[in-house]
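Colleague: One predicted model, sequence on top.
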Amino acid sequence: MSHQINISPSLLAADFAHLADSIEAVEQAGADELHFDVMDGLFVPNITIGIPILEAIRPLTKLPIDIHMMVTEPARYAKQFAEAGGDIFTIHVEACDDLETSLGDTRVTGMVAAVSLKPDTPASVLQPFISSIERVLVMTVEPGFGGQRFMSEMLPKITELTEMAHRTGTDLEIAVDGGIKVDTAREVINAGATTLISGTGVFDYPNGLKMGIKALRHAGANEHD
Ligand code: DX5
Ligand code: ZN
């Protein structure tokens, strides 16, 4: 049985000199949300985009924007990102001194709070929170850079989260991020992933954005679906 799959293109792989065109193109190509990678040069060894860029692009699209905060103590900025138009605020468990407080500080802004796990962080850290979390993001590469190779060792973590959610009867969205192409999309969907974040897999797809999004969305379907 296949489940509904959402596709979230990562703007990190877009053409930053023509960002408005890239956003319009992925929206028309059928994207379900946009993924906005924020890096602070401290939590990860890279620096990307932030609040002014979010403010600039917010009026250009109706799609929900997922803010992936690769930033130490991300909740310090929750209010500003909410005011700039963020819809989902994805924070790393490793970046928060007190996850519960950070989740609370995010939720009061009205954004959906999501929790991300770096590759070395086990699913079990989320056990105490699982019934109150709506969405998790499993990193399938080390965060910091686009275009890296998918880590298949992350598949059991996705399965474990799927099972944890089933056991607690919660409707958990499971997003994956890093190295998601058609072949790896099939594996993560089969493990239970519901949202596929993909940068180069969408923007560099050889047959165009529309075909790329469609190919990712249906990667897990067999011929009987
Ligand atoms: C990496 C970012 C990703 C990145 C994914 O740290 O979180 O969102 O853009 O890029 P691809 O899909 O090219 O691996
Ligand atoms: Zn990301």
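Modeller: Received the coordinates, thanks. Ligands and ions are numbered 1, 2, ... in the order given.
Colleague: Would you mind measuring the gap between the ends of stretch 123-139?
Modeller: Using Cα to Cα, to the nearest Å, one end of stretch 123-139 lies 11 Å from the other.
Colleague: Could you tell me the average pLDDT over that stretch, please?
Modeller: Across stretch 123-139, pLDDT averages out at 96.
Colleague: isn't Gln148 right next to Lys181, touching?
Modeller: No: at 11.5 Å, Gln148 and Lys181 do not qualify as touching, with contact defined as Cβ atoms under 8 Å. Every residue, glycine included, has its C-beta placed from N, CA and C.
Colleague: Show me which of these two is the more surrounded one.
Modeller: Taking neighbours as other Cβ atoms under 10 Å, Gln148 and Lys181 compare with Lys181 leading, 20 against 15.
Colleague: average model confidence for the top helix by length along the chain?
Modeller: The longest helix of the chain (DSSP state H) is helix 155-168. Mean pLDDT, helix 155-168: 97.
Colleague: ok, now stretch 101-111?
Modeller: For stretch 101-111, the mean pLDDT works out to 98.
Colleague: same question, stretch 65-79
Modeller: In the prediction, stretch 65-79 has an average pLDDT of 98.
Colleague: For that stretch, which residues meet the burial criterion?
Modeller: Residues of stretch 65-79 classed as buried by neighbour count (16 or more other Cβ atoms under 10 Å): 65-75, 77-78.
Colleague: Those residues also near ligand 2: which ones?
Modeller: Among those, proximity to ligand 2 is found for His68 (Cβ under 5 Å from the ion).
Colleague: Inside strands: which ones of the buried residues of stretch 65-79?
Modeller: Ile65, Asp66, Ile67, His68, Met69, Met70 (DSSP state E).
Colleague: got a markdown table for those residues, with distance to Gly220 too?
Modeller: Below are those laid out as a markdown table (distance: Cβ to Cβ, whole Å):
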| residue | distance to Gly220 |
| --- | --- |
| Ile65 | 25 |
| Asp66 | 21 |
| Ile67 | 26 |
| His68 | 23 |
| Met69 | 28 |
| Met70 | 27 |
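Colleague: and the protein, which residues reach ligand 1?
Modeller: Taking Cβ under 6 Å from any ligand atom as the contact definition, the chain meets ligand 1 at 10, 12-13, 35, 37, 68, 141, 143-148, 177-180, 197-201.
Colleague: From those, list the buried ones, please.
Modeller: By 16+ other Cβ under 10 Å, these give 10, 12-13, 35, 37, 68, 141, 143-146, 177-180, 197-201 as buried.
Colleague: Within range of ligand 2, give me the residues from the chain.
Modeller: Near ligand 2, when you scan the chain using Cβ under 5 Å from the ion, you find Asp37, His68, Asp177.
Colleague: Dihedrals phi and psi, the first one?
Modeller: Read that as Asp37. Backbone torsions of Asp37, given as degrees, to the nearest 10, read phi -90, psi 120.
Colleague: Does it have any beta-bridge partners, and if so which?
Modeller: Note on Asp37: beta-bridge partners by DSSP bridges are His68.
Colleague: How much space separates the residue in the chain positioned nearest to ligand 2 from Gln127?
Modeller: Going by Cβ to the ion, ligand 2 is nearest to His68 of the chain, at 3.8 Å. For His68, the distance to Gln127 equals 23 Å [Cβ to Cβ, to the nearest Å].
Colleague: Can you name the residues in contact with the one helix or strand Leu103 maps to?
Modeller: Under the criterion DSSP states H and E, the helix or strand holding Leu103 is helix 99-107. Helix 99-107 has contacts (Cβ atoms under 8 Å, 6 or more residues apart in numbering) with 73-75, 78, 89, 91, 93, 96, 113, 115, 129, 132-133.
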